[in-house]
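Trainee: 3D model of this:
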Amino acid sequence: MRVAAERGSRRRKPSWTLGTTVFAVALLAAGVGDASPTRLAEAKAARTPVVSKRAVGGTPKQMPAPVRISIPAIRVSAPIVPLGLKRDQTMQVPANFRDAGWFRPGPEPGEQGAAVVVGHLNAGRATPGVFANLRAVRRGDVIKIRRRDGTLVRFVARSMIRVPKNRFPTARVYARTTQPTLRVITCAGTWNPVSRRHPDNYIVFATILRTR
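Mentor: Here you go, the predicted model:
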């Protein structure tokens, strides 16, 4: 599946500089992908404004890392592992098909901006991955993220799309939102034994659920 890796999204990582250039990572194996090298292809520059790292509307500018995701509507409760880029500039993926992965160069869930969590659809026809039932998520369903300090942040699903991998909506996924948002991504479509991939991605867009 194609997952956008945006340069310059982390202040504390000096190797990433601020800007609006967006890159797409093609992950070609079952579910999300495997550890085999894949190309990092430069996508069209996203025409989205750079947003200050200052807190907006009471949102802290730095949150603890996520460690677990829960989606009660589809009975998902899984560890979250951090993902980055390998030396060949390809995106890491969860080694365990039961784990979800958080793209670490992006915002932590609960920070301003779009946090991205990916997971495998399956590990073969008979082995479901962590997000095997992601398509069953509906608008209004709650997604919970447990963070390293024990705190919980809740998001509510707002929309879902299925898109071909060659038309991954990079700019939309990585839109620089002024409030904390979450994108949960897996693969979709019938497994192609020749290309060894699923043809599409399935993406859930969620916004933070604020409580008084």
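
Trainee: how about the top strand by length along the chain: buried residues?
Mentor: Counting residues, the longest strand in the chain under DSSP state E turns out to be strand 152-164. Within strand 152-164, the residues that count as buried by 16 or more other C-beta atoms under 10 Å are 153-155, 157, 160, 163. No exception for glycine: its C-beta is placed from N, CA and C like everyone else's.

Trainee: Adding pLDDT and distance to Phe205 as columns, could you present the residues you listed in JSON lines?
Mentor: As requested, the buried residues of strand 152-164 are exported to JSON lines (pLDDT from 0 to 100; distance: C-beta to C-beta, whole Å):
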{"residue": "Val153", "pLDDT": "96", "distance to Phe205": "16"}
{"residue": "Arg154", "pLDDT": "98", "distance to Phe205": "15"}
{"residue": "Phe155", "pLDDT": "98", "distance to Phe205": "10"}
{"residue": "Ala157", "pLDDT": "98", "distance to Phe205": "7"}
{"residue": "Met160", "pLDDT": "98", "distance to Phe205": "7"}
{"residue": "Val163", "pLDDT": "96", "distance to Phe205": "12"}
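
Trainee: so can I have TSV of the residues you listed showing distance to Arg176?
Mentor: Output for those, formatted as TSV (distance: C-beta to C-beta, whole Å):
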residue	distance to Arg176
Val153	19
Arg154	22
Phe155	17
Ala157	20
Met160	21
Val163	20
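
Trainee: Closest one of those to Ala114?
Mentor: Proximity of these to Ala114 (C-beta to C-beta) peaks at Phe155, which lies at 11.2 Å.

Trainee: Give the bridge partners for that closest one, please.
Mentor: Residues in a beta bridge with Phe155, per DSSP bridges, are Ile143, Ile208.

Trainee: Next, the contact list for it, please.
Mentor: 109, 142-145, 180-182, 206-209 (C-beta atoms under 8 Å, 6 or more residues apart in numbering).

Trainee: If you rank those residues by neighbours, which is first?
Mentor: Comparing the contacts of Phe155 by number of neighbours (other C-beta atoms under 10 Å), Pro109 comes first, having 30 neighbours.

Trainee: Point to the helix or strand of the protein where mean pLDDT is at its lowest.
Mentor: When the helices and strands of the chain are scored by mean pLDDT, DSSP states H and E, strand 40-42 comes last with a mean of 30.

Trainee: how far off strand 152-164 does the helix or strand following it point, in degrees?
Mentor: From strand 40-42 onward toward the C-terminus, using DSSP states H and E, the following helix or strand is strand 66-71. On the basis of axes from the mean of the first three to the mean of the last three C-alpha atoms, to 10 degrees, strand 66-71 is oriented at 70 degrees to strand 152-164.

Trainee: Going by contacts, tell me the helices and strands next to strand 66-71.
Mentor: strand 76-83, strand 113-119, strand 142-147 (3 or more C-beta pairs under 8 Å, 6 or more residues apart in numbering; DSSP states H and E).
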